[in-house]
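In: Got a predicted structure plus its sequence, pasted below:
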Amino acid sequence: MEVITLDGSLGEGGGQILRTALSFSMLTKKPFRIVNIRKNRTEPGLKAQHLAAVDFLVKNSSSKAIGAEIGSSELSFFPGEWKGILRNSDIGTAGSITLFLQSVLLPLMFSKKCSFSVTGGTDVAWSVPASTFSEAVLPFFRKYAKIDFRLIKRGYYPKGGGVVELSILPKILLSDFSSFEEFLEEARKLGRIKLSERGLLVAIRGESHASADLQGKKVAERQASAAALELKDAGCHVEISSSYSPSESTGSGISVYALYSQPGSSEFDVNQPIILASDVLGERGKPAERVGFQASQKLISELSSGCACDSLLADQLIPLLALFGGEIRAERISEHLKSNVAVAEAFLGKHFEIDEKEGIVRAL
């Protein structure tokens, strides 16, 4: 079989290209070779969180990898079949759990009933925080498989140590079909992604969180109160919870989500969700009120855009769009999104049309 060659310096030149390639390789069973891994980063090459995903796939399937070493600029991956009970993964650092899941979640959704845990960073920079992933990203994936996401322990930078448990029950199995093309034809009956228009703003919800050592300073409550104050004139019910948990490093953050109805309806539809999200992590020296304020302002900006999909969610949905078709409209088209499109098309062929001026992405 021909090996697909990918250039890791494409677009944003980060780890997204590798993560998406691993996902599509396991789905399509097409091998790939990637060069110039993370070339555009200050510390190029593979890092622990990328290797954790490769290691998970190799240990839990008959897949093979060449070049899977810290700092490696090249990797060849030959996908295989999933094995029995999945082995858990420990990234070993504060490497992002949600970024790890971008490599493994999609192929597992169509493989078998399974459960596993991942240890690492749940709320770290340059990645989707666990709360946002659970409440504003996974609802779109649950259209195609039953996914239970349990946040057991938060992990902040630098020690990580957070734990997430996942259980997946597929609605359709790839193994039931003689070819990937036959699987795709049947799978598309589950429905397309439709995020080009939005209806009414139904509610704003969120979660403000902090490590237990910050409870005396009421950091989580102060973040939540500041965000709620800014969002009080949104024209809907605003509810932001506050929580603390034991963690190996001090940290905090807040995630807020706006829930919209479908056009022509006045109620939020869990089967056809429209969710805009915003999140901000706490930093040493930054007042908790500032953290909440920034999160609310980011969300207000998304609300004022008129779009049905926020820019960061748009990146996450490209694999689903590639498989199931549909259309999304975001305020801007990011380099991450373009990288995801390029990788998807390397495995599936020409699938996308992008209108950068209007912020529209269509999948055939």
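Out: Arrived safely, thanks for sending. Numbers count the residues shown, from 1 in each chain.
In: Got the domain ranges for this protein?
Out: 4-190+311-363, 201-304 (automatic domain parsing).
In: Which secondary structure state is assigned to R41?
Out: R41 carries the three-state label coil when classified by DSSP: H, G, I helix; E, B strand; the rest coil.
In: brain fart, V163
Out: Quick answer, by three-state DSSP: V163 is strand.
In: I figured it hits F116, correct?
Out: No. Here V163 does not reach F116: they are 11.3 Å apart, not a contact under CB atoms under 8 Å. Quick note: C-beta positions are derived from backbone N, CA and C, even for glycine.
In: what about the helices in the stretch 101-250 of the chain?
Out: For the stretch 101-250 of the chain, the helices defined by DSSP state H, counting those that start in this stretch occupy 130-132, 138-141, 180-187, 219-231.
In: ugh, wrong one, I meant the stretch 251-364 of the chain
Out: For the stretch 251-364 of the chain, helices defined by DSSP H, counting those that start in this stretch occupy the ranges 288-304, 311-324, 335-348.
In: among those helices, which is the most enclosed?
Out: helix 311-324 (a mean of 23; mean count of other CB atoms under 10 Å).
In: For that helix, what is the distance to the chain centroid?
Out: Taking CA atoms, centre = their mean, to the nearest Å, the mean C-alpha location of helix 311-324 is offset from the chain mean by 9 Å.
In: Just want the angle from it to helix 335-348.
Out: Calculated by axes from the mean of the first three to the mean of the last three CA atoms, to 10 degrees, helix 311-324 forms an angle of 10 degrees with helix 335-348.
In: okay, helix 311-324 in CSV with CA atoms only?
Out: Below are the C-alpha coordinates for helix 311-324, written out as CSV (Å, rounded to 0.1, in the frame of the first residue of the first chain):
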residue,chain,number,x,y,z
SER,A,311,-13.1,29.6,15.8
LEU,A,312,-11.6,27.0,18.1
LEU,A,313,-14.5,24.6,17.8
ALA,A,314,-14.2,24.9,14.0
ASP,A,315,-10.7,23.4,14.2
GLN,A,316,-12.0,20.4,16.3
LEU,A,317,-14.9,19.7,13.9
ILE,A,318,-12.9,19.2,10.7
PRO,A,319,-12.5,15.5,11.1
LEU,A,320,-16.3,15.1,11.6
LEU,A,321,-17.0,17.3,8.6
ALA,A,322,-14.6,15.2,6.5
LEU,A,323,-16.4,12.0,7.4
PHE,A,324,-20.0,13.1,7.6
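In: Point out where the stretch 201-350 of the chain drops to low pLDDT.
Out: By pLDDT under 70, the stretch 201-350 of the chain contains no weakly predicted segment.
In: tell me the centre residue of the protein?
Out: Q316 (5.1 Å; CA atoms, centre = their mean).
In: Make sure that residue is actually in contact with T132.
Out: No. At 9.9 Å, Q316 does not count as touching T132 under the criterion of CB under 8 Å.
In: I'd like to know how many residues surround the nearest residue to V35 once chain neighbours are set aside.
Out: Using CB to CB, 6 or more residues apart in numbering and skipping the chain neighbours, the partner closest in space to V35 is E74 (5.0 Å). Counted with other CB atoms under 10 Å, residues neighbouring E74 total 15.
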